[in-house]
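>>> A predicted structure for the sequence below; I have some questions about it.
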Amino acid sequence: MKICLVFPRGLADADVSFPHGLLAITAAVKQQGYSCEIFDCNNNDIKISYDYLNTFDVIGLSVMTTQLRHAVEIADQLGKHVRVVWGGVHCLLDPVSIINKFKTHFVISGDGEIPFVKLLHYFAGKEPLDSVKAQNGISFYQDQAVINPPYFNKDLDALPDINYYDLRDLEKYIYRDSFYIKSSNKIPTLEIITSRGCSWDCSFCLNSIYRKNRAFHRSKSFEKIRRESEKIIDDFNIKIVLPRDEDFFANRKLLERWMEYAREKDFFWGASCRYNYFKKNLITKETLTNLVDTGLFYLGMSVEAGSEDLRNDIINKQLSNNDIYNAVETIQQSVGDRVAVNTSFVVDFPGDTKANKIETIKWMNYLSKNINVTFSGPQIYRPYPGTKLFELENKGKHKYGDIDYYLEHIESEGESGEDINYTSYFYSKALVYYYNWKIRFFQVQVCANDSTHCLKVIKPSVLLGKFLFECLFATINLRLKYDFWEFFYEPPVIGWVWHTIRTRMRTKCLGSLLQKIKK
């Protein structure tokens, strides 16, 4: 039985990201003696061929909601002889939407290793249909929809180790640009999954769905992490390792082993953290200094809402203003610019207010002045069906089970459109660009005292674009200085100006490119 796992188009990342879920499924499938390939459509060097896909017995489609359009296109081109199994985040949010459209297909919700292998055994005649019906995580149609609860693995160490060499064109995933480290060459980088789930319960986040199903934060052991990553680190001389973990610093024992690993392999690393972890017995000035000395250069720490009340009452962030101040003080007095912090905010969520947006601007200004920070937001709130905040907001308006509803509402990756909200554009685009001008980047250099590598902080250069931004945001800076927010007219105005500039720049660049092509 020939199996192919397909990752449809729909990601906006400039670099191809490791399809970790498909790597994990492939490892489980191969352990059972089946052959399996991965077909990542986000890798532009791999061209899709429906004739080739139709040579397989089983096609697995792993989809987020933004990938649905391409996934449906693929599914429509597959022959009746092909067994199709859907998985991924969208199938956790709304498995019925797939089943209602494709009544001969199967859907897996949650962690896919065990349910997918169960389906393969059924396809091979090794398991009865009743066994499939009883398996959590598997849903399908038989006279009516058979919907089982999602399945989640409790012990990640019990799963087979992933093998990065299962990916075609592996080098394209490895050699990539780093936003924080400037280099004339692409830097060998490795993303690894060190856990699943989260210790926290933010109301807008997908992890709140996992928690409802008792899928809490589950870490891999260091031994498993090492087995999965060491060969590829050695083979490619990896210089940046990025643990994919919603709460990497929660596991102190793993953190200590990780620090030793980073020193041994001489790589730089960055991971998710929280502002409220900067306290006694967690991350102190001494601890942070030691972490940076092992190669830590990046921390991802979200705030989400500028208003402390909304942040905790609606978002359920469990983060006080004092937590943020304490973290900033710890960073300032220990490592300073030697660590870059990425912070996210969300706007336009249910219950959001003008006052919260103003507090968000104040926090961005404060953080930008006091630590080496970039912002991956304010992002416009995106509702995830099944999360606590979605259920509070939606109140039955969402059309569960209707895949056409999702296809109609999938957001465009572009920034144009007659119905654009310039106020939202101000917060999600212009404000982010303005404060991200101030980032201090890094360069790799050999340490003076030994042969290991360290990072040198590069001061931001003064560019014409930065000067123009300062002019555009002059009134905002005056408001921040005097804390005056009456008649706050700037968001739609600056949003319109910045959108117009960006649109004309793209049009001009596209026109120049077309002229070169014609020549």
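In hand now; what should we look at?

>>> Can you tell me the closest non-neighbouring residue to E223?
Nearest-residue entry for E223: D157, 8.0 Å, with adjacent residues in sequence omitted and distances by Cβ to Cβ, 6 or more residues apart in numbering. For every residue, glycine as well, the C-beta is placed using N, CA and C.

>>> show me what contacts that neighbour?
Under the criterion of Cβ atoms under 8 Å, 6 or more residues apart in numbering, the neighbours of D157 are K220, S221, E223, K224.

>>> and the third one, what pLDDT?
Each residue has a pLDDT score; the one for E223 is 97.

>>> which other helices and strands contact the particular helix or strand that has it in it?
Under the criterion of DSSP states H and E, E223 resides in helix 222-236. Contacts defined by 3 or more Cβ pairs under 8 Å, 6 or more residues apart in numbering; DSSP states H and E place helix 222-236 against strand 187-193, helix 252-265.

>>> Roughly how far does the residue nearest to the spatial centre of the chain sit from Q318?
Per Cα atoms, centre = their mean, the C-alpha nearest to the average position across the chain is that of R244, at 8.8 Å. To Q318, R244 is 22 Å away according to Cβ to Cβ, to the nearest Å.

>>> Now do the SS call for the residue nearest to E223.
Secondary structure, DSSP: H, G, I helix; E, B strand; the rest coil: D157 is helix.

>>> mind checking pLDDT for it?
97.

>>> quick one, strands of the stretch 1-150 of the chain?
Along the stretch 1-150 of the chain, the stretches classed as strands by DSSP state E, counting those that start in this stretch are 2-7, 35-40, 58-62, 83-87, 106-108, 138-142, 144-146.

>>> Each with direction, which strands does the second one pair with?
Each strand that strand 35-40 pairs with, and the sense of that pairing, follows from DSSP bridges: strand 2-7 (parallel).

>>> For the strand it pairs with, what is the distance to the chain centroid?
23 Å (Cα atoms, centre = their mean, to the nearest Å).

>>> go on, stretch 153-168?
Put simply, stretch 153-168 sits 19 Å off its chain's centre (Cα atoms, centre = their mean).

>>> can you check stretch 265-283 too?
Stretch 265-283 has its C-alpha centroid displaced from the chain centroid by 18 Å (Cα atoms, centre = their mean).

>>> Endpoints of that stretch, how far apart?
Length of stretch 265-283, first residue to last, Cα to Cα, to the nearest Å: 23 Å.

>>> again with stretch 260-271
16 Å.

>>> ok, now stretch 158-171?
End-to-end distance (Cα to Cα), stretch 158-171: 29 Å.

>>> Give me the contacts around that stretch.
Outside stretch 158-171, the residues touching it (Cβ under 8 Å, 6+ apart) are 18-20, 23-24, 26-28, 30-31, 36-40, 43, 45-46, 113, 153, 173, 190, 193, 224, 227-228, 232.

>>> list the buried ones in it?
For stretch 158-171, burial by neighbour count (16 or more other Cβ atoms under 10 Å) applies to L159, I162, Y164, D166, L167.

>>> Quickly note the distance from Q379 to F473.
For Q379, the distance to F473 - Cβ to Cβ - is 20 Å.

>>> Looking at those two, which is more packed in?
F473 (20 against 17; other Cβ atoms under 10 Å).

>>> Pretty sure the more buried one sits against Y435.
No: counting by Cβ atoms under 8 Å, F473 stays clear of Y435, with 9.3 Å between them.

>>> Sort out which of the contacts of D157 are buried, if you could.
Using 16+ other Cβ under 10 Å, the buried ones in those are K220, S221, K224.

>>> how deep is W437 tucked in, by neighbour count?
Neighbours of W437 under the rule other Cβ under 10 Å: 16.

>>> That one and L472 touch, don't they?
No: in this structure W437 lies outside contact range of L472 using Cβ under 8 Å: 11.3 Å.

>>> Assign a three-state SS to the closest residue in space to N436 that isn't next to it in sequence, would you?
For N436, ignoring the flanking residues on the chain, the nearest one in space by Cβ to Cβ, 6+ apart is T374 at 5.1 Å. At T374 the chain is in strand, as set by three-state DSSP.

>>> burial of T374, as a residue count?
Neighbour tally, T374, other Cβ under 10 Å: 22.

>>> Going forward, count from 19.
Got it, first residue is 19 now, which makes that one T392.

>>> For it, list each beta-bridge partner.
Assigned bridge partners for T392, using DSSP bridges, are N360.

>>> you'd agree it is up against Y452?
No: with contacts counted by Cβ under 8 Å, T392 stays clear of Y452, the gap being 11.7 Å.

>>> According to the record, where do the domains of the protein fall?
The chain breaks down by automatic domain parsing into domains covering 20-164, 195-397+446-476.

>>> so which of those comes closest to H416?
Closest approach to H416 among those (Cβ to Cβ): domain 20-164, 8.8 Å.

>>> So for that closest one, mean pLDDT?
Domain 20-164 comes out at a mean pLDDT of 92.

>>> Now do it: distance from first to last residue.
Using Cα to Cα, the end-to-end distance of domain 20-164 comes to 26 Å.

>>> Now do that domain: distance to the chain's middle.
The chain centre lies 21 Å from the centre of domain 20-164; the measure is Cα atoms, centre = their mean.

>>> Mind jotting down where the strands sit in the stretch 419-537 of the chain?
Going by DSSP E, counting those that start in this stretch, the stretch 419-537 of the chain shows strands at 459-464, 471-476.

>>> pLDDT score assigned to R356?
At R356, the predicted lDDT confidence score is 94.

>>> nearest residue to it other than its sequence neighbours?
V310 (5.1 Å).

>>> What helix or strand is the one you found located in?
In the assignment (DSSP H and E), V310 maps to helix 303-311.

>>> Please enumerate residues in contact with stretch 93-109?
Contacts for stretch 93-109 (Cβ under 8 Å, 6+ apart): 39, 43, 68, 71-72, 74-83, 85-86, 89, 113, 115-116, 120, 122-127, 130, 134, 137, 141, 224, 424.
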